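A.B. asks: Generate coordinates for the sequence data below:
(one chain, ligands or ions: 1)
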Amino acid sequence: MDYLKIEGGETLKGSITISGAKNAALPIIAATILSDKGVTLTNLPNVIDIKTLIKLLDILGAKVKYGEKSCIINNGTINSTKAVYEIVSQMRASILVLGPLLARFKECEVSLPGGCAIGQRPIDLHLKALEAMGAKIEIKGGYVKAEAPNGLVGTKIIFDKITVGGTENIIMAASLAKGTTTIINAAKEPEIIQLCEIIRDAGVKIDGIGTSELTIEGTDGKPLKFNEIEIIPDRIEAGTYLCAGAITNSTITLHKVNAEHLRASMNKLEEMGCSFDIDGDSITIKPVKNLNSVNIVTTEYPGFPTDMQAQFMALSIITEGESLIEERLFENRFMHVSELNRLGANIWLKGNIAAVHKVEELYGADVMATDLRASSALILAALVANGTTNVHRIYHLDRGYEDLEGKLLSLGAKIQRCKA
Ligand code: UD1
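C.D. replies: Modelled structure (predicted):
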């Protein structure tokens, strides 16, 4: 199994280009099911999760043509509506095919995604909302079996809790439903905004884009015709490299980013003492000698993203004083704590709050990645640890970071992919 070997202590310098957002690309790939024509996607990140979802469409009968960071997906040839366990178990986001498959084909079976390392992650809100739109849903043999023989019907959906995937599934389902769907307490992440925009550009009337109340007028089963879609920049990848600049006290420029989407992370970095130059779609982070501690509470966009929690924890290890980090979205998203402590960090956990105390030095060690963002936190810590750190189980990393070692290497880090 591959692992990453990192020699800490290098100052980084230079510029890199940020890839397309995995979390924007996934729902958009699922949304292509709403069309029976070819859809061209560009700025696709070259990461495993994207390949997994495209493979799922391929199994359903879609025709896919790959280009350089792009592809054309034609779902006109879909001949199965069963999203099998073998794929869904590899990636929870496969549940995003549920809404569009049901809306277009009036029936589907999608394997239950189950829990994952960061928590239970139920899909009850997705199912409840589809039932409100007239779907009959049964859970049998580990599958969600859904049918709506007369098509889905628009209605008022009130999400008890803000859910990114749930909002996306219902936006897609509502696009082909009969009549108007209103989603109250919708998520409003940039990835949701892009999904709404591409569906709106395909002719569906959507009001309230970017707000917590969306109104969608469905086409009553008529498939959509999408324009070419360019995936937005990955705000989590960009935030991770800003943290790499901050932790190594370096000047790094990121190209092809949207600073607006990074506001919550940049605000925290500014509180810590960092400063930025923003020039169009480029951001440069400038070095700062002593970082201040910060308190962080993860919450929905535009608040501080849970997907940046682990990286900021790595950063807090070297800041003066105590940082308190509270995780509000996932119940078990602190698996990186014990691994960071193996490198010499001083982090205490109480419930969903981590207290991070400054240590003078970190020491390289063998550590294990436990989930996607935990992997990048270990790499950030390794960049400033004395000696060599080997980060194992990096298949988590490959799910969501395009060529992380290549990008860090080009910035001057000593990092190498090795085979165990
Ligand atoms: C998405 C992101 C993930 C990010 C998360 C929160 C993708 C592919 N993944 O995940 O990177 O960390 O948003 O920003 O975009 N919940 C329920 N019932 C449901 C659905 C969700 O209780 O039916 C709960 C979840 O367990 C969690 C919270 O709601 O505690 C938020 O989850 P959700 O926003 O749905 O996250 P995902 O869409 O899975």
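
A.B. asks: Apart from its chain neighbours, what residue comes closest to the residue sitting furthest away from the middle of the chain?
C.D. replies: Relative to the C-alpha centroid of the chain, counting by Cα atoms, centre = their mean, Asn150 is the outermost residue, at 33.9 Å. Counting by Cβ to Cβ, 6 or more residues apart in numbering, Gly134 is the residue found nearest to Asn150 once chain neighbours are left out, at 7.3 Å. For glycine as for every other residue, the C-beta is placed from the backbone atoms N, C-alpha and C.

A.B. asks: Surely the one you found is in contact with Gly154?
C.D. replies: No - Gly134 is beyond contact range of Gly154, at 9.4 Å (criterion: Cβ atoms under 8 Å).

A.B. asks: what about the two, which has more around it?
C.D. replies: Neighbour tally, Gly134 and Gly154, criterion other Cβ atoms under 10 Å: the higher count belongs to Gly154, 21 against 17.

A.B. asks: phi, psi of the more buried one?
C.D. replies: phi -60, psi 150 (degrees, to the nearest 10).

A.B. asks: residues in contact with it?
C.D. replies: Contact analysis of Gly154 by Cβ atoms under 8 Å, 6 or more residues apart in numbering lists Met133, Ala174, Ala177, Lys178, Gly179, Thr180, Thr181, Thr182, Ile216, Glu217, Gly218.

A.B. asks: Which of those residues has the largest number of neighbours?
C.D. replies: Within the contacts of Gly154, Ala174 tops the neighbour count with 31 neighbours, counted by other Cβ under 10 Å.

A.B. asks: Please identify the helix or strand for that residue.
C.D. replies: In the assignment (DSSP states H and E), Ala174 maps to helix 164-175.

A.B. asks: ok, which residues in the protein are in contact with the ligand?
C.D. replies: Contact residues (Cβ under 6 Å from any ligand atom) of the chain with the ligand: 23, 26, 93, 119-126, 161, 163-166, 306-307, 329-330.

A.B. asks: In helices only, show me these.
C.D. replies: Counted as lying in helices by DSSP state H, out of those, are Asn23, Leu26, Asp124, Leu125, His126, Val164, Gly165, Gly166.

A.B. asks: From the residues you listed, keep the buried residues only.
C.D. replies: Buried members of those, scored by 16 or more other Cβ atoms under 10 Å, are Asn23, Leu26, Leu125, His126, Val164, Gly165, Gly166.

A.B. asks: and which of those residues is nearest to Ile229?
C.D. replies: Nearest to Ile229 out of these is Leu26 (Cβ to Cβ; 12.8 Å).

A.B. asks: now for the helix holding Ala174, which elements pack on it?
C.D. replies: helix 22-31, helix 98-105, helix 124-132, strand 180-184, helix 190-201, strand 213-217 (3 or more Cβ pairs under 8 Å, 6 or more residues apart in numbering; DSSP states H and E).

A.B. asks: Let's have these in CSV, adding mean pLDDT.
C.D. replies: Shown next, in CSV, are the helices and strands packed on helix 164-175 (pLDDT from 0 to 100):
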stretch, mean pLDDT
helix 22-31, 98
helix 98-105, 98
helix 124-132, 97
strand 180-184, 98
helix 190-201, 98
strand 213-217, 98
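
A.B. asks: Arg200 contacts Asp207, doesn't it?
C.D. replies: No - using Cβ under 8 Å, Arg200 is not in contact with Asp207, being 9.3 Å away.

A.B. asks: Tell me which helix or strand the residue farthest from the centre of the chain sits in.
C.D. replies: Using DSSP H and E, Asn150 falls within no helix or strand.

A.B. asks: Now do the shared contacts for Gly134 and Gly154.
C.D. replies: Common neighbours of Gly134 and Gly154 (Cβ under 8 Å, 6+ apart) do not exist.

A.B. asks: Could I get the helices and strands packed on helix 164-175 in TSV, plus columns for distance to Gly142?
C.D. replies: TSV is the format used below for those (distance: least, Cβ to Cβ, whole Å):
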stretch	distance to Gly142
helix 22-31	20
helix 98-105	14
helix 124-132	15
strand 180-184	28
helix 190-201	28
strand 213-217	31
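
A.B. asks: so which of those comes closest to Lys289?
C.D. replies: Here helix 190-201 is closest among the helices and strands packed on helix 164-175 (Cβ to Cβ), at 32.6 Å.

A.B. asks: for the helix or strand following that closest one, which positions count as buried?
C.D. replies: Per DSSP H and E, the first helix or strand lying C-terminal to helix 190-201 is strand 205-207. Within strand 205-207, the residues that qualify as buried are Ile206, counting by 16+ other Cβ under 10 Å.

A.B. asks: Helices along the stretch 251-400 of the chain, start to end?
C.D. replies: 263-271, 309-316, 336-342, 372-384, 395-398 (DSSP state H, counting those that start in this stretch).

A.B. asks: what's the closest of the ones you listed to Arg104?
C.D. replies: helix 372-384 (29.8 Å).

A.B. asks: Show me what the closest one is packed up against.
C.D. replies: If contacts are counted by 3+ Cβ pairs under 8 Å, 6+ apart, helix 372-384 sits against strand 2-7, helix 235-247, helix 309-316, helix 336-342, strand 388-392, helix 395-398, helix 404-410.

A.B. asks: Next, count neighbours for the closest residue to Lys178 other than its chain neighbours.
C.D. replies: Closest residue to Lys178 in three dimensions, ignoring its sequence neighbours and counting by Cβ to Cβ, 6+ apart: Asp220, at 4.5 Å. Taking other Cβ under 10 Å as the neighbour definition, Asp220 ends up with a count of 13.

A.B. asks: Would you mind giving the secondary structure of Asp220?
C.D. replies: Following DSSP: H, G, I helix; E, B strand; the rest coil, we place Asp220 in the coil state.

A.B. asks: Check the stretch 151-300 of the chain for the residue nearest the ligand and tell me.
C.D. replies: Nearest residue of the stretch 151-300 of the chain to the ligand (Cβ to the nearest ligand atom) works out as Gly165 at 2.8 Å.
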